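> show me how the following folds:
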Amino acid sequence: MASLLTSAHSDFEVNLLPLSTEGDLVLDSPLAKIGGKDLFVKEIEQALLDGRADLAVHSLKDLPSLAGNGLLIGAFISRASHADLFLSINYPNLNALPEKARIGSSSLRRQAQILALRPDVLVMNLRGNIQTRLKKLHNGEYDAIILAEAGLARLGLQAPYMRPLDLDSFLPALGQGALAVQVRAEDESMQKICAAISDKSMELCARTEWAFMERLGGNCRLPLGGLAQLTDQIIMMRGMVAKPDGSLILRKSLSGRYEDPEALGRKVADELLERGAKHIIASRVF
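Predicted coordinates:
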């Protein structure tokens, strides 16, 4: 990120402010039980609000909202891979796993989609950074784990077997693979600086995905996923809502022109609500 900013602004100097969030430190519980996305952003947002930082870089999927609390997104950075990866030491793919195989994931979205495909396996909590998760896989604590391909690629890490999960049966987290640069809403000079590195296509996709999420009241306690993709001024939005045990998964895909991305996101959500998502949301006890 620093190199993007300095490439766009030759006189710009970047100083890093290291911070640890509660989500990085509390590793013994699933995110759905300890607070969800806010755990990865609130300390960083506070540093912006109190002036210790002028901008913050987040994984887009960690942001519960694209604006609010005096902050906004100054730049959307183009998405790397959106895919979730199946990783294993001994098994080439999800279908090759034996009955009662242990799959590591702390995401309700991943859990639901795994169990829909393989109801005979055990989905076990998996927290920690990517290196820690891979170490647990190599140590034999899990037969397979599911990770975002983008994070693995950024660190140049691998496992003996790695296979992207197909979009038709496994939708990613909203915003997965993209980065967002957050700034204070009052800081117009920093907004102008960030605008030079922002990807308009990614912004349109993010606005579509977040409208979908907000319509459904989504957070880490609701298994939902989705992906918006822009091609020739047309946005394709795929959305999914599920029961945590994978016994019911509702999916919908719609296309629309790029001029009103929020309307498309809300329309996909509304169709899922009409098909039964409202009952999943009303009955959630997780």
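> which residues in the stretch 151-286 of the chain form helices?
Assigned by DSSP state H, counting those that start in this stretch, the stretch 151-286 of the chain shows helices spanning 188-195, 200-216, 261-272, 278-283.
> now, of those, which is deepest in the fold?
Mean neighbour count (mean count of other Cβ atoms under 10 Å) peaks for helix 200-216 among these, with a mean of 23. No exception for glycine: its C-beta is placed from N, CA and C like everyone else's.
> what's that one in contact with?
Surrounding helix 200-216, the residues in contact under the criterion Cβ atoms under 8 Å, 6 or more residues apart in numbering are 60, 65-66, 73, 76-79, 174-175, 178, 180, 218, 222, 224, 226-230, 235, 237, 239, 241, 258, 261-266, 268-270, 272-273, 277, 281.
> what mean pLDDT does that helix have?
On average, the pLDDT along helix 200-216 is 97.
> shift numbering so it begins at 46
Shifting the count to begin at 46 puts that one at helix 245-261.
> other residues contacting the helix or strand that contains L179?
Using DSSP states H and E, L179 sits in helix 175-183. Contact with helix 175-183 is made by 132-134, 149, 171-173, 187, 189-190, 192, 196-197, 200, 202, 204, as judged by Cβ under 8 Å, 6+ apart.
> what subset of those residues is buried?
132-134, 149, 171-172, 187, 189-190, 192, 196-197, 204 (16 or more other Cβ atoms under 10 Å).
> could you tell me the per-residue confidence at the spatially closest residue to L299 that is not a sequence neighbour?
Excluding the flanking residues, the one nearest L299 by Cβ to Cβ, 6 or more residues apart in numbering is V313, at 5.2 Å. pLDDT recorded at V313 is 98.
> likewise the one 3 residues further on?
Looking at E316, its pLDDT stands at 98.
> quick one: it and R296 touch, right?
No. E316 lies out of contact with R296 (Cβ atoms under 8 Å); the separation is 10.2 Å.
> picking that back up, if any of the contacts of helix 245-261 are buried, put those into a PyMOL selection.
To isolate the buried members of the contacts of helix 245-261 in PyMOL, using 16+ other Cβ under 10 Å:
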select buried, resi 105+111+118+121+122+124+219+220+223+225+263+267+269+271+272+273+274+275+280+282+284+286+303+306+309+310+311+313+314+317+318+322+326
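> the buried ones among the contacts of helix 175-183 in helices, which ones?
196-197 (DSSP state H).
> in CSV: the buried ones among the contacts of helix 175-183, plus distance to E231 and pLDDT.
As requested, the buried ones among the contacts of helix 175-183 are exported to CSV (distance: Cβ to Cβ, whole Å; pLDDT from 0 to 100):
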residue, distance to E231, pLDDT
L132, 43, 98
S133, 49, 98
I134, 51, 98
G149, 42, 98
L171, 40, 95
R172, 36, 88
Y187, 46, 98
A189, 47, 98
I190, 42, 98
L192, 37, 97
G196, 32, 91
L197, 37, 94
A204, 45, 95
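> what's in contact with stretch 193-213?
Contacts of stretch 193-213 (Cβ under 8 Å, 6+ apart): 104, 124-139, 158, 175-176, 179, 182-183, 191, 217-218, 221-222, 272, 283.
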